[in-house]
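K.L.:
give me coordinates for this.
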Amino acid sequence: YEEVSEISHRLGEGGLLIDESYALQEVLKEYRAKLGKEKLELFERLLADERFKGRKAMLKELKHVLRDFSPKR
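P.N.:
Sure, this is the predicted structure:
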């Protein structure tokens, strides 16, 4: 165990911070929990970068769900 404040200087500037990464994981966990069996299978296929009918709609839905994690412009 290491205190985050003791190692924070070693974290890279690019990408998500630890708290942002945790928040993203929680949002995705909640999203997954709300999916039915069929949509969950499609979500798994989306993560595997497979093509399927309804992919664009799911990406649009995820874009809305993950709007707080969009890069700042």
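K.L.:
all helices for this protein, in order.
P.N.:
4-7, 18-34, 37-47, 55-65 (DSSP state H).
K.L.:
list the helices and strands the second one packs on?
P.N.:
This means helix 18-34. Applying 3 or more CB pairs under 8 Å, 6 or more residues apart in numbering; DSSP states H and E, we find helix 18-34 packed against helix 37-47, helix 55-65. Using the backbone N, CA and C atoms, a C-beta is placed for each residue, glycine as well.
K.L.:
as CSV, these with mean neighbour count would be great.
P.N.:
Output for the helices and strands packed on helix 18-34, formatted as CSV (neighbours: other CB atoms under 10 Å):
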stretch, mean neighbour count
helix 37-47, 13
helix 55-65, 12
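K.L.:
nearest to E30, of those?
P.N.:
Smallest distance to E30 across these (CB to CB): 8.7 Å, for helix 55-65.
K.L.:
can you tell me which of the helices and strands packed on helix 18-34 is nearest to A23?
P.N.:
Here helix 55-65 is closest among those (CB to CB), at 12.3 Å.
K.L.:
can you tell me which helix or strand of this structure has the lowest average pLDDT?
P.N.:
Every helix and strand in the chain was compared by mean pLDDT, DSSP states H and E; the lowest is helix 4-7, with a mean of 56.
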